[in-house]
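**Student:** need a structure here:
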Amino acid sequence: MTVIFGGAFNPPHISHIALANAVSKRSDVDKILVIPTFLSVHKRAAETDFTDRLNMCRIAFKNIEKVTVSDIEQTLSNKSYTYNTILALKQQGEEDLALLIGADMAESFDEWYNYQEIIKLCKIFVFTRDGNLDTTVLQNIGANFEIIDFNARGFSSSDFRENKNEEILSKDVLDYIKSHSLYGYDEIYKKELQKNLKEKRYNHCLNVAQSAKELARIYGADEQKAYTAGLLHDIG
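**Tutor:** Here you go, the predicted model:
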């Protein structure tokens with residue numbers, strides 16, 4: 001069986017990893033496809049670039065043997081409807097499919113695009129968050145579903161985006177975020193520098209960062225990494 005684990009992963013956190021790890025231990029699961037959403041239909045568009053979210057997923061799930069991170073939704077046109085993704089996977093030869101969703105998604109599943117066809121094409125795996133689960137909708141539409149024995153800790157990616165709760169991320173994902181200055185980390189760095197440096201030294205750091213970025217552009221290096229390195233070159 002191939003399990004579809006989709007989501008914005010903006011960013012992927014430790015509950016995502018724990019869930020994938022728990023599902024991978026099932027003997028009937030051969031593969032887990034982690035599929036970052038390209039253009040979400042359930043939430044507003046992710047501000048974080050798809051490539052960065054894809055790379056963070058590859059980092060986050062790298063130690064789970066059955067996981068493959070897929071960029072398939074980037075190849076599909078328009079918004080990332082699950083139905084279209086399933087059809088594309090079928091065309092690639094995936095036959096025995098299960099769709100992994102959270103309890104909140106299960107409660108509104110009858111609002112999904114072509115949900116009647118989805119339940120014909122794959123089984124539904126449902127996991128809970130904080131122990132709450134209502135399967136009324138899935139029962140009413142006649143879905144073939146199973147409750148996964150995994151209670152997700154009450155983390156969400158927004159906990160990091162809004163509060164910078166670094167504890168909910170793996171070290172490698174956090175290192176990627178900082179090295180690429182995602183989620184406003186350059187602004188955080190600037191505030192720390194401004195608080196701890198004299199104005200002349202702070203302005204010097206800003207100028208070095210800009211010069212480093214321009215040099216990176218000339219020599220084909222990563223402009224964002226160069227900017228951050230220049231910004232922090234006097235951090236000691």
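**Student:** Quick check: what element follows the worst-scoring helix or strand of the chain on mean pLDDT along the chain?
**Tutor:** In the chain, no helix or strand scores lower on mean pLDDT, DSSP states H and E than strand 145-152, which sits at a mean of 83. Scanning forward in sequence from strand 145-152 by DSSP states H and E, the next helix or strand is helix 157-163.
**Student:** Render the CA-only coordinates of that following helix in PDB, please.
**Tutor:** Provided in PDB are the C-alpha atoms of helix 157-163 (Å, rounded to 0.1, in the frame of the first residue of the first chain):
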ATOM      1  CA  SER A 157       3.200  24.900  11.500                       C
ATOM      2  CA  SER A 158       1.600  28.200  12.400                       C
ATOM      3  CA  ASP A 159       3.000  27.900  16.000                       C
ATOM      4  CA  PHE A 160       6.400  28.300  14.400                       C
ATOM      5  CA  ARG A 161       5.400  31.000  11.800                       C
ATOM      6  CA  GLU A 162       3.700  33.200  14.300                       C
ATOM      7  CA  ASN A 163       5.600  32.500  17.500                       C
END
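**Student:** and the least confident helix or strand of the chain, which residues are buried?
**Tutor:** Using 16 or more other CB atoms under 10 Å as the test for burial, strand 145-152 gives Phe145, Ile148, Phe150, Asn151, Ala152. C-beta here means a position set from N, CA and C on the backbone, and glycine is covered the same way.
**Student:** Could I get the contacting residues of the third one?
**Tutor:** Yep, that's Phe150 we're talking about. Each residue near Phe150 by CB atoms under 8 Å, 6 or more residues apart in numbering is listed here: Ala18, Leu19, Ala22, Val23, Phe127, Thr128.
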